[in-house]
Structures are given as structure tokens and as C-alpha cells.
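Engineer: Okay, predicted coordinates and the sequence, questions at the end:
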Amino acid sequence: MEIPPKSPDGSEKSPQSKELLPSNTASTLCISSRSESVWTSESRSKWDIYRKPIIIMSVGAAVFLLGVVITSLSCIEITNKDVYKMCGPALLSMGLMLLVYGLVWIPIIRKKQKQRQKSPLLQRLKSFFFNR
């Protein structure tokens, strides 16, 4: 009977014994991947496809409008004028950045959808090799 070598921290279990445990990472890797929808051929609704860009554009528009309001408050005589002068332009730029990010994301999604529709043979080959 062999005594397993002690690990550096002094415990009885060796690091090799942990590696010998059965693992099903190969099968869960394909299932849990974020790009799984690329390999499946089921159709999704427009809301499922464009949900994230629409939400980002909505948040960006709201932050942009809040920046407009806060910047316009800095023009009125108020006690904390310096705070409004700093926060207003920051919110304007963040809102505009999110708005443009969402607007650019939509054509990218459309291009990917067209590429998927063009190559059904390639998609079948990918699903054959990766869904085993």
C-alpha cells in the first residue's frame, strides 16, 4: 500500500488525486459556451436578438437626457453650481457613448444574421463536429 505524497500545505491528499476524479468538462464546455446560439439552427424572435442593444441605447438616451438637464441647471443661479458643471458633461458623454455603442451594435448583429443564413452547409458541418 502506497502512501500518497504530502502536498505543500501538509495535507494528506496529493494534487494528482484531485486530477484523477472523473470529469465531464468536455461535454459541459459546449453546452455552457456563450456562442451556443451560433451552432443551433432554431429561430429566435426579434426581441431576443436585439434586446441588449435596445436596452443599452435606452439607458444611454436616459443618461444623456439627465446630462442635458444637469448641464442646463448649471446655467441657472444655484448654490452648487460647480458640482453641476462637473457632473453634467460627464453624464452627457457617458450617455452619448452608450447610445452610439447600441447604434453600432445593431448593424453588426444584422451582418452576423446574414452570414448565418448564407451558409447552411457550413453550419451543419459545425454542428456535426461540435455537438458530439
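Structural biologist: Perfect, I can see it now. Numbers count the residues shown, from 1 in each chain.

Engineer: other SSEs contacting the helix ranked longest in the chain?
Structural biologist: If you go by DSSP state H, the chain has its longest helix at helix 81-118. Under the contact criterion of 3 or more Cβ pairs under 8 Å, 6 or more residues apart in numbering; DSSP states H and E, helix 81-118 touches helix 46-73. Quick note: C-beta positions are derived from backbone N, CA and C, even for glycine.

Engineer: For the helix it packs on, which residues meet the burial criterion?
Structural biologist: Along helix 46-73, these residues count as buried under the neighbour rule (16 or more other Cβ atoms under 10 Å): 49-50, 53, 56-57, 60, 63-64, 66-67, 70-71, 73.

Engineer: With stretch 82-102 instead?
Structural biologist: By 16+ other Cβ under 10 Å, the buried positions in stretch 82-102 come out as 84, 87, 88, 91, 92, 94, 95, 98, 99, 102.

Engineer: same thing with stretch 119-132?
Structural biologist: Going by neighbour count (16+ other Cβ under 10 Å), the buried part of stretch 119-132 is residue 123.

Engineer: sorry, back to before: report the angle between the helix or strand just after the longest helix of the chain and helix 81-118.
Structural biologist: Using DSSP states H and E, the helix or strand that follows helix 81-118 in sequence is helix 120-130. Between helix 120-130 and helix 81-118, the angle comes out at 100 degrees (axes from the mean of the first three to the mean of the last three Cα atoms, to 10 degrees).

Engineer: Now do helix 120-130: which elements does it pack against?
Structural biologist: Judged by 3+ Cβ pairs under 8 Å, 6+ apart, helix 120-130 is in contact with helix 36-39.

Engineer: Just list the residues touching residue 61, thanks.
Structural biologist: If you count contacts by Cβ atoms under 8 Å, 6 or more residues apart in numbering, residue 61 has them with 95, 99.
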